[in-house]
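K.L.:
Have a look; sequence and predicted model below, questions after that.
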Amino acid sequence: MREEGSDNLCAKALSCVRGDKLLFRDLNFTLEPGQAGLVTGPNGVGKSSLLRLIAGLLEPFSGTIHVPTSVAICDDRMALDENLPLQDALRFWASLDDRPEGDCTDAMAKADMGHLAEVPIRYFSTGQRQRARLARTFLTAADLWLLDEPANGLDTASVELLGQSLQAHLKYGGIILAASHITLPISFDLQLELTALEEMETPQ
Amino acid sequence: MIGALKTMIWRDVRQSYASGGTWLPVIFYLSAATLFPFAVGPDRDLLLQTGGGILWIAALLATLLPLDRLVQPDLDSGFHDQLLVRGIADELIAFARLISHWLAFGPPLLFAALLASGLMGLEGPPLVTLLASLAIATPALAGLAVMIAALTAGLKGAGALGGLLLVPLAIPLLIFGAGSLADQSGSALLFLSAVSLLLVAITPFAAGAALKAMRE
């Protein structure tokens, strides 16, 4: 069960099934405002599914999850119109979220995309596409940010810049839950290590 | 809610007209109408008798053309997920799609029908009836397209399957729509309106349910 409207992010006895496979079970954790959590584990263990489950895009198999009302998720998909210049594509989400236009400029600046504002998204490189996704996430006023491999394809300077934005979000009482193989330059209050369940179930 | 709806519809409509996808059904429609007189010969009486029906069938076939770009691209690019995360329901997304697709499909098709009816020699009251019946039916055709696109999203051969699904669902529209051309009393148009209203009313729920089921 997923309930919105709490201040913190709180999972109790959370289990997730995809297809016929039990990905994780009995997951318990709490993140208070201003705290960040890191999900680690091998590929296919259910990190993305955990983030999608918290975002409400998947139903938990069992357990409860309390989330803040506004959630933003940043995964490997653009959700920006490829043919539009970056600022126009971002403007769609800004107007959907009732944000002033100036916020688009701020979000692009935070992702160091200001100079690419008028370039159509289809011309972006891998790293630039990732920064566009991050700009889209920075644009939301969501309390909880769910970041799936946010540093993928980013150069060192961009990772530093991402760290600054994450730090600022935490400072204003936001919550972050990230899954990343690349070390992010912020300190995490919680580390969630997901392990493949078959290994857990083998007799000692 | 209304603001979000407007924003979504505006984006879809702008994209349809900018990508040129809107004009594809129109060009198809006009080609079908151009071919017909060549095929049956320039017999004026025959064209007058059958032209309206042919224009109706062409409208049904034109409905199939935009199927693959109604739902699938937004699912693939993560647009749909981002809307859901903002608390916008599948049904509302489908409703916005219905309206935006009609805006990009209905008026251009009516314009094409006006041009094509000239090729069939239709004029006067029959022309008015044809345009009225198409105007009533285009929202339903847009609804069918959105429903079928949502149902077949993610499937292999979605295009061919879409064609198979459209044929039986569109038969009531075709019967009353093409029937209205020969009907003087106007009751066929009323039946057509009823069928059209029904299809439009169930579209958000049927398409929304299909989108929900896909996420399971």
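P.N.:
Cool, got the structure.
K.L.:
Can you get me a residue count around the residue lying closest to residue B:158 once chain neighbours are set aside?
P.N.:
Distances taken as CB to CB, 6 or more residues apart in numbering or on different chains place residue B:152 nearest to residue B:158, at 3.9 Å, with adjacent residues excluded. All C-beta spots, glycine's among them, are computed from the backbone N, C-alpha and C. Neighbours of residue B:152 under the rule other CB atoms under 10 Å in any protein chain shown: 22.
K.L.:
Pretty sure residue B:152 sits against residue B:163.
P.N.:
No: Residue B:152 is beyond contact range of residue B:163, at 10.1 Å (criterion: CB atoms under 8 Å).
K.L.:
Go through chain A and flag its longest helix.
P.N.:
The residue-count maximum for a helix in chain A (DSSP state H) belongs to helix A:156-171.
K.L.:
following it, which helix or strand shows up next?
P.N.:
On the C-terminal side of helix A:156-171, the closest following helix or strand by DSSP states H and E is strand A:175-179.
K.L.:
other SSEs contacting the helix or strand following that next one?
P.N.:
Per DSSP H and E, strand A:175-179 leads on to strand A:190-193 as the next helix or strand towards the C-terminus. Contact partners of strand A:190-193 among helices and strands, from 3 or more CB pairs under 8 Å, 6 or more residues apart in numbering or on different chains; DSSP states H and E: strand A:21-31, strand A:36-40.
K.L.:
Buried deepest among those strands, which one?
P.N.:
strand A:36-40 (a mean of 20; mean count of other CB atoms under 10 Å in any protein chain shown).
K.L.:
do the helix or strand following that one and chain B meet?
P.N.:
Sequence-wise, the next helix or strand downstream of strand A:36-40 (DSSP H and E) is helix A:47-55. Yes: against chain B, helix A:47-55 shows contacts by CB under 8 Å from any CB of the partner chain at A:52, A:55.
K.L.:
any idea how far helix A:47-55 is from the chain center?
P.N.:
9 Å (CA atoms, centre = their mean, to the nearest Å).
K.L.:
what does that helix contact?
P.N.:
With contact meaning CB atoms under 8 Å, 6 or more residues apart in numbering or on different chains, helix A:47-55 is reached by A:2, A:9, A:11, A:14, A:16, A:18, A:23-24, A:27, A:39-41, A:58-60, A:65, A:67, A:71, A:73, A:75, A:144, A:146-148, A:177, A:179, A:192, A:194, B:81, B:85.
K.L.:
List the buried residues for that helix?
P.N.:
A:47, A:48, A:49, A:50, A:51, A:52, A:53, A:54, A:55 (16 or more other CB atoms under 10 Å in any protein chain shown).
K.L.:
got it, and stretch A:174-189?
P.N.:
So stretch A:174-189, judged by 16+ other CB under 10 Å, has buried residues A:174, A:175, A:176, A:177, A:178, A:179, A:180, A:184, A:186, A:188, A:189.
K.L.:
if I pick residue A:138, what's in contact with it?
P.N.:
A:106, A:107, A:110, A:111, A:165.
K.L.:
Disregarding flanking residues, what is the spatial nearest neighbour of the closest residue to chain B within chain A?
P.N.:
As assessed by CB to the nearest CB, chain B sits closest to residue A:77 within chain A, at 2.9 Å. Leaving aside its chain neighbours, residue A:77 sits nearest to residue B:78 (2.9 Å; criterion: CB to CB, 6+ apart).
K.L.:
By neighbour count, sort out the buried ones in the contacts of helix A:47-55.
P.N.:
Looks like the contacts of helix A:47-55 have A:2, A:9, A:11, A:14, A:16, A:23-24, A:27, A:39-41, A:58, A:60, A:65, A:67, A:71, A:73, A:75, A:144, A:146-148, A:177, A:179, A:192, A:194, B:81, B:85 buried, using 16+ other CB under 10 Å.
K.L.:
Spatially nearest residue to residue 195, not counting backbone neighbours?
P.N.:
Assuming you mean chain A. Using CB to CB, 6+ apart, the closest residue to residue A:195 is residue A:41 (6.3 Å).
K.L.:
Can you look at chain B instead?
P.N.:
Of all residues not flanking residue B:195 in the chain, residue B:172 sits nearest, at 4.7 Å (CB to CB, 6+ apart).
K.L.:
if I look at that neighbour, how far off is chain A?
P.N.:
According to CB to the nearest CB, to the nearest Å, residue B:172 and chain A sit 36 Å apart.
K.L.:
That residue: helix or strand, and which one exactly?
P.N.:
Residue B:172 belongs to helix B:158-182, assigned by DSSP H and E.
K.L.:
how far does that helix sit from the chain's center?
P.N.:
The answer for helix B:158-182 is 10 Å, by CA atoms, centre = their mean.
K.L.:
C-terminal to that helix, what's the next element?
P.N.:
Following helix B:158-182 toward the C-terminus (DSSP H and E): helix B:187-215.
K.L.:
and the angle from that following helix to helix B:158-182?
P.N.:
With axes from the mean of the first three to the mean of the last three CA atoms, to 10 degrees applied, the angle from helix B:187-215 to helix B:158-182 works out at 170 degrees.
K.L.:
same for helix B:187-215, what does it pack against?
P.N.:
helix B:90-120, helix B:125-152, helix B:158-182.
K.L.:
can you pull the contacts of residue 186?
P.N.:
Assuming you mean chain A. Residue A:186 neighbours (CB under 8 Å, 6+ apart): A:36, A:163, A:166, A:167, A:170, A:176.
K.L.:
actually it's chain B I care about, not the one you picked
P.N.:
By CB under 8 Å, 6+ apart, the residues touching residue B:186 are residue B:180.
K.L.:
got the end-to-end distance for stretch B:74-91?
P.N.:
This stretch, stretch B:74-91, spans 15 Å end to end (CA to CA, to the nearest Å).
K.L.:
Which residues of chain A lie near chain B?
P.N.:
Counting by CB under 8 Å from any CB, chain A sits next to chain B at A:52, A:55-59, A:71-73, A:75, A:77-83, A:92-93, A:95-98, A:136.
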